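A.B. asks: the following block contains a protein sequence and its predicted model.
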Amino acid sequence: MGSEQVNLPGWGSLCQSDQHGEEAAAQKDQEKSAAKPRYEAIDREQLFWRTVNVERLIAPDHAARAIWEFVGKLDLSGYSGEVRAVEGKAGRPAWGPRLLISLWVYAYGQGVGSARAIEELCEWEGAYQWLTGATVVNAHTLSDFRVKHDAALKGLFVQILGVLSADGLITLERVMQDGTKIRASAASGSFRSRERVERALQQAAEQVEAVEQMSEEETSRRAAKARQRAQREREERLGLALEEFKKLEAEASVKDKKKTRVSTSDPQARVMKQPDGGFAPSYNVQVNTDAANGVVVAVGVVQAGNDFEQLVPGLDRVEDNFGKTPQQVVTDGGYVSRDNIVEMKLRGVEFIGPQCDEAGKGQSSYEGRGVSPQYHSSQFVYEGASDSYRCPQGKILSYEGKEERHTQVSYRYRAQRSACQGCPVKGQCCPGNQVTGRSVHRSEELAEVAEFRHKMQSEQAREIYRQRAQVAETPNLWIKAKFGLRQFSVRGLSKVGMEALWACLTYNIRVWIRLRWRPLGEVATAAV
Ligand code: SF4
């Protein structure tokens, strides 16, 4: 049967309209595929108003809220002394210390250490806007606030320790001390000899005078003031550099005095060895950390590159902050010295540190350098009556001098040059020595040092020492890696000390947030 089109009444017209519809749709599809897609245009030239709910700029559990809450617990009256704006008098109100402290603490926690950067962040970043109530605090105010309230800042640090202590976060049972070198705001090339500093100081004084004599027609009043200020600051820095020369030269030997150099950018900075083995202008930041929860209980900044002399001042700072002495102090080998062991014993503080085995160090200067075992220093006989040694060849080694090492005193004895240089066994006894006679050392160890050594052989003491690195080095790592304080942004021992204090109190507030803070919503839920 062939196919036939059956035309039912009404169907013919329907089929025709279907055909038209399909054609139109096909045409539309064709047009559509030929047309370019349209996207939303981005207009960055426009200006618009936006409604912002400042309270909702940050989440309920945001760190900025915790910082604001924590700082609100503190007595900030120490900051009010210099505020000129008072109630009932005309003038713009000052920014409150609670806000400025919160801004700096939040900023350090975010790795921001520049007042100018904070000012910019106040313009658009949610947390800064929440803290300021969507206003902008200028960089000058922030910068001055950071370094102009030395006593108030120290008081603030102690208050924070009081809050953490009351919250059970500090025990002072075990305190670690560690030092870290932080670069100064000075280039290595800024170090000059005394003669150059004196010359520069003279030039600076002349320039200050010349700038002050400039008439207002020559330069605008504002520019003139800025120039005068810059010249005076330079003169002050150079004057300070000369003061530092006096200090350094008083400590240096005659030979070293000529080599003494001081930075003209930051005269109080010192060239110190860095962890990477290089040398750079730096300060030595000493941090004491309570082992219970890793809270920093004291911080100090010193110019000395070594740590030996820093243990006692570190403990003094802890005592000043708490009015009591830690039960135990743990350090690395950089602090282990005879004087420190004795001092800790006197203070009733248990000292834990690695054993620095100095025994035989002086004696071994020959051992290992081709000396035969029968001529090791142990083969030399000490004769107490004459305070001398007798060598295996029967020659006398007389007392020559005393050397104080980290944990012991060492007495040096030496043979006559003529006796050794003509000795038939010299090649076995002191083969490399062409200039003097052979020497040996007699070491004397104090009872306190022997007791320390004995204690550090116990597994219990070693286990405590193993905890040191994690507890003591964590704040230093945070300060450098998280807070970005690898280089100070201010100059001079006092200001640098304040910046270190800001970083450490920020660290402590972070510890409190992590271990104690609960956002308000969570507190309410917990109460239900
Ligand atoms: S080299 Fe000097 S110290 Fe050594 S055995 Fe000879 S004389 Fe004695």
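C.D. replies: Ah, there it is.
A.B. asks: drop to CA atoms for contacts and neighbour counts, all remaining ones
C.D. replies: Fine.
A.B. asks: give me the contacts around stretch 498-507.
C.D. replies: Contacts with stretch 498-507, where a contact means Cα atoms under 8 Å, 6 or more residues apart in numbering, come from 104-106, 108-109, 146-147, 150, 153-154, 157, 160, 285, 295-296, 299-301, 475, 478-479, 483, 485, 488, 490.
A.B. asks: the spatially closest residue to residue 109 that is not a sequence neighbour: neighbouring residues, count only.
C.D. replies: Excluding its sequence neighbours, the residue lying closest to residue 109 (Cα to Cα, 6 or more residues apart in numbering) is residue 483, at 5.5 Å. When neighbours are defined as other Cα atoms under 10 Å, residue 483 has 21 of them.
A.B. asks: from residue 411, how far off is residue 483?
C.D. replies: Noted for residue 483: a distance of 48 Å to residue 411, by Cα to Cα, to the nearest Å.
A.B. asks: buried residues, stretch 317-333. List them.
C.D. replies: Of the residues in stretch 317-333, 317, 318, 321, 322, 325, 326, 328, 329, 330, 331, 332 count as buried by neighbour count, 16 or more other Cα atoms under 10 Å.
A.B. asks: distance between the ends of that stretch?
C.D. replies: Note: stretch 317-333 ends 21 Å apart using Cα to Cα.
A.B. asks: now do the strands in this structure.
C.D. replies: Taking DSSP state E, the strands of the chain run over residues 174-183, 191-192, 262-263, 270-273, 279-290, 296-302, 328-330, 350-352, 381-383, 388-390, 396-404, 409-415, 439-444.
A.B. asks: name the residues that touch the first one?
C.D. replies: The set of residues that contact strand 174-183 without belonging to it, under Cα under 8 Å, 6+ apart, is 272, 274, 280-292, 307, 311, 314, 326-332, 468, 471-473, 476, 485-488.
A.B. asks: repeat that for the fourth one.
C.D. replies: Residues from elsewhere that reach strand 270-273, judged by Cα under 8 Å, 6+ apart: 181, 188, 262, 279, 280, 281, 282, 283, 303, 304, 305.
A.B. asks: how about 7 Å then?
C.D. replies: Contacts to strand 270-273, defined as Cα atoms under 7 Å, 6 or more residues apart in numbering, come from residues 279, 280, 281, 282, 283, 303, 305.
A.B. asks: now render those residues as CSV, adding pLDDT, distance to residue 450 and neighbour count.
C.D. replies: Listed next are the contacts of strand 270-273 as CSV, based on pLDDT from 0 to 100; distance: Cα to Cα, whole Å; neighbours: other Cα atoms under 10 Å:
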residue, pLDDT, distance to residue 450, neighbour count
279, 90, 35, 14
280, 91, 37, 20
281, 93, 38, 27
282, 95, 36, 30
283, 96, 34, 29
303, 93, 32, 16
305, 88, 28, 20
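A.B. asks: max pairwise distance over these: which two?
C.D. replies: 279 and 303 (14.2 Å; Cα to Cα).
A.B. asks: burial of whichever residue of the stretch 351-500 of the chain sits closest to the ligand, as a residue count?
C.D. replies: Per Cα to the nearest ligand atom, residue 420 is where the stretch 351-500 of the chain lies closest to the ligand, at 3.5 Å. By the criterion of other Cα under 10 Å, residue 420 has 22 neighbours.
A.B. asks: in the stretch 1-150 of the chain, what spans have low per-residue confidence?
C.D. replies: Across the stretch 1-150 of the chain, the ranges flagged by pLDDT under 70 are 1-20, 32, 82-88, 90.
A.B. asks: how about residue 516, nearest residue that isn't a chain neighbour?
C.D. replies: In space, residue 516 is closest to residue 167, 7.8 Å off (Cα to Cα, 6+ apart).
A.B. asks: how many neighbouring residues does that neighbour have?
C.D. replies: Applying other Cα under 10 Å, we find 12 residues neighbouring residue 167.
A.B. asks: give the buried residues for the lengthiest helix in the chain.
C.D. replies: Determined from DSSP state H, the single longest helix within the chain is helix 221-251. For helix 221-251, the neighbour count (16+ other Cα under 10 Å) marks 224, 227-228, 231-232, 234-235, 237-242, 244-245, 248-249 as buried.
A.B. asks: alright, calling it a day.
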